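Q: Prediction below, plus the sequence it came from.
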Amino acid sequence: MQTPRHYGTITTPSHTASPQQPATPASATATPNATKGALAHDGPWRKKILLAGIRQAGKTSLLEVVFQSLPPKDTFYLETTNTIRKVDIDSSIVALQFWDCPANILANFDSLGVPLTHFQSIVFVIDVQDDYNTPIAYLIHLLATVAEVNPTFNMNILIHKAEQLSDEFKLETFQYIQSRVLDEIMDHPANALLSHIPLNFHISSVYDHSLYEAVSKIIQRLTPQHGTLENLMNTLVSNSGIAKAFLFDVSSLTYVATDASPVDNNTFELCCDYVMMLASFTKLYKNLKPLPPPEPSTPNTHSPGSSPPSSDSALPPDNTKPKTNISIAPPSRSTTIDSDASSDVRATGAKHEHISRPKAPRRPADGPEDSTTSSPSHSLIATEKAQSSPTTSSNGSTSQKTAKKPESKHDSVGGPTSNGTSTARSKTLDKLLPGGDQESRRWSSSSVKLTPATSLAYWQITESLSLVCIIRSETFEKHRGLIEYNVTFFRGAVQKIVQLERAKRAQ
């Protein structure tokens, strides 16, 4: 049995909805702690969703599977809902509250304790394995009641428990129920009002990904920022060569936004399984601390007026032969900077080098090979500081050769230069890239090649949102830097939306 994710907060049932016992206010039955928690988590920014249906329709099971990570096989052991149960869903984009109601609510809506205008959406669940006539009759009665208070109410009809139907019969049953509901609306005396209610039909099952897709579409209709997120997804897809992209809520495995292209069921299942697989390994790395950024190395330089190190410090340890500075020169010519020329450069500030012809190294009878040439890549660089290093000549005496050391810069990573100041490029990057601090850039990412022509990429956007994309392998390999760059700006835009939503909830 899997461990539940504890995504939602279950509030203490506010009142009993049985016809024999009248409904009482929430504050009269809830415990002090539950009442305090309900007041702390409730607010005008939380969208209310009424979950209705006949008995054993699967209302509680779909909530437990999606938001509490209950295995589908354990839904058989769930008890029948006899009281109203409120489940708070605190996602990053929109805050929700599901009201899981018993079946007898359909006969008397006054037992809810609040008017139907208190809810922003209603989800009516129909058991596809049961008789259709009874739930359709209750649905028409609910629509007639809703049309009197709000003709433009957001209505969602969930045709549930379709796992035992074949694909052909599943489609036929879905179309039959949809046509039956529309025919009943046309035959109703108040069909003028009922026809204005937007109806959204979904088919679902707890044993496949159709339930997550249906819940995703229900939540998207209640998200005020959905249009902005979809525009961001379209811009990212068009400028990065991505075939399909989803912005997933990792905790519930629902997607809060996608691009304008049609959603393929197989593509959604593939992305959903990949997010589920990566989320299963999250606990293994939750205690790991990020490594501190590397400190810039300080070059060991000596000023022109400082005394060079003593010859004793340059001697090798005992029982070892002295090593000489040997460098391989190119066959054409070699350039060296001797002590006199380097002194002239330090005194006058002129940038020139003393070029000498290569000298043939002399090999002593009992000594190691020696060469006074240096690498051309370093000898032609004139820097502001010089470094003195002892060298051993062919006759065994130690002399001082002063060579200029190239300046140490970290422009590519935004680090300090040798004088401790930031470069102009690093400042420009901090202004351009969103989240200049190092902590905001530590986001996980992953990619896998599904086929030789198709790849699946994953980027973490916030603590609970992730971007999953289907992309061609050739495009991903050639333009990965550009794609990462675009994802960085997409992450910054989504994080700003999340910050505004959190600030609105804190008011």
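A: Everything's here; your move.
Q: What count of nearby residues applies to the closest residue to L194 other than its chain neighbours?
A: Spatially, and ignoring its direct neighbours in sequence, L194 is nearest to I185 (4.6 Å; Cβ to Cβ, 6 or more residues apart in numbering). (C-beta placed from N, C-alpha, C; glycine too.) The number of residues packed near I185 is 20, by other Cβ atoms under 10 Å.
Q: Same question for the one 4 residues further on.
A: By other Cβ under 10 Å, 8 other residues sit near P189.
Q: For it, give me phi and psi.
A: phi -60, psi -30 (degrees, to the nearest 10).
Q: Give me the pLDDT for the residue lying closest to D100 once chain neighbours are set aside.
A: Computed as Cβ to Cβ, 6+ apart, the closest residue to D100 that is not its neighbour in sequence is R85, at 4.2 Å. Per-residue pLDDT puts R85 at 92.
Q: In this structure R85 contacts I105, no?
A: No: using Cβ atoms under 8 Å as the test, R85 is too far from I105 to be in contact (11.8 Å).
Q: circling back: state the mean pLDDT of the host helix or strand of the residue nearest to L194.
A: Taking DSSP states H and E as the definition, I185 sits inside helix 167-187. Average pLDDT, helix 167-187: 91.
Q: Which SSE is immediately downstream of that helix?
A: Next helix or strand after helix 167-187 toward the C-terminus (DSSP H and E): helix 191-194.
Q: can you give me the helices for the stretch 101-250 of the chain?
A: With DSSP state H, counting those that start in this stretch, the ranges of helices along the stretch 101-250 of the chain come out as 133-149, 167-187, 191-194, 210-220, 226-240.
Q: what's the closest of those helices to L284?
A: helix 210-220 (24.1 Å; Cβ to Cβ).
Q: What helices and strands are in contact with the closest one?
A: Secondary-structure packing of helix 210-220 (3 or more Cβ pairs under 8 Å, 6 or more residues apart in numbering; DSSP states H and E): helix 59-67, strand 199-203, strand 254-258, helix 265-280.
Q: Compute the distance between T173 and K47, please.
A: Here T173 is placed at a distance of 30 Å from K47 (Cβ to Cβ, to the nearest Å).
Q: Settle it for me: which of these two has more neighbours?
A: More crowded of T173 and K47, by other Cβ under 10 Å: K47, with 20 against 17.
Q: Quick one: classify the more buried one as helix, strand or coil.
A: Following DSSP: H, G, I helix; E, B strand; the rest coil, K47 is assigned to strand.
Q: re the thing from before, among the helices of the stretch 101-250 of the chain, show me which one is buried the most.
A: Counting by mean count of other Cβ atoms under 10 Å, helix 210-220 has the highest mean neighbour count of the helices of the stretch 101-250 of the chain, with a mean of 22.
Q: low-scoring pLDDT stretches of this structure, where are they?
A: Residue ranges of the chain with pLDDT under 70: 1-42, 288, 290-441.
Q: for it, what spans make up the strands?
A: For the chain, strands defined by DSSP state E occupy the ranges 8-11, 46-53, 85-90, 95-100, 121-127, 154-160, 199-203, 242-249, 254-258, 386-392, 398-404, 445-451, 454-460, 465-472.
Q: coming back round to it: could I get the helices and strands packed on helix 210-220 as CSV with mean neighbour count and distance to F124?
A: What follows is these, written out as CSV (neighbours: other Cβ atoms under 10 Å; distance: least, Cβ to Cβ, whole Å):
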stretch, mean neighbour count, distance to F124
helix 59-67, 23, 10
strand 199-203, 18, 10
strand 254-258, 25, 19
helix 265-280, 16, 23
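Q: Reformat those as TSV; add distance to D130.
A: Formatted as TSV, the helices and strands packed on helix 210-220 follow (distance: least, Cβ to Cβ, whole Å):
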stretch	distance to D130
helix 59-67	13
strand 199-203	15
strand 254-258	26
helix 265-280	25
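Q: closest to H141 out of these?
A: Per Cβ to Cβ, nearest to H141 of these: strand 199-203, 14.9 Å.
Q: In terms of secondary structure, what does that closest one contact?
A: strand 154-160, helix 167-187, helix 210-220.
Q: export it as CSV, just CAs?
A: Extracted in CSV, the C-alpha atoms of strand 199-203 (Å, rounded to 0.1, in the frame of the first residue of the first chain):
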residue,chain,number,x,y,z
LEU,A,199,-22.2,21.5,-19.9
ASN,A,200,-18.8,19.8,-19.9
PHE,A,201,-18.8,16.0,-20.2
HIS,A,202,-15.8,13.8,-19.2
ILE,A,203,-15.3,10.1,-19.1
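Q: Tell me the strands beside it, with direction?
A: Sheet pairing here is set by DSSP bridges, and for strand 199-203 it gives strand 154-160 (parallel).
Q: The partner strand to strand 121-127, inter-axis angle?
A: Orientation check (axes from the mean of the first three to the mean of the last three Cα atoms, to 10 degrees): strand 154-160 against strand 121-127 gives 20 degrees.
Q: Helix 59-67 and strand 154-160, what's the angle between them?
A: Interaxial angle of strand 154-160 relative to helix 59-67 (the same axes, to 10 degrees): 100 degrees.
Q: buried stuff in strand 154-160?
A: For strand 154-160, the neighbour count (16 or more other Cβ atoms under 10 Å) marks 154-160 as buried.
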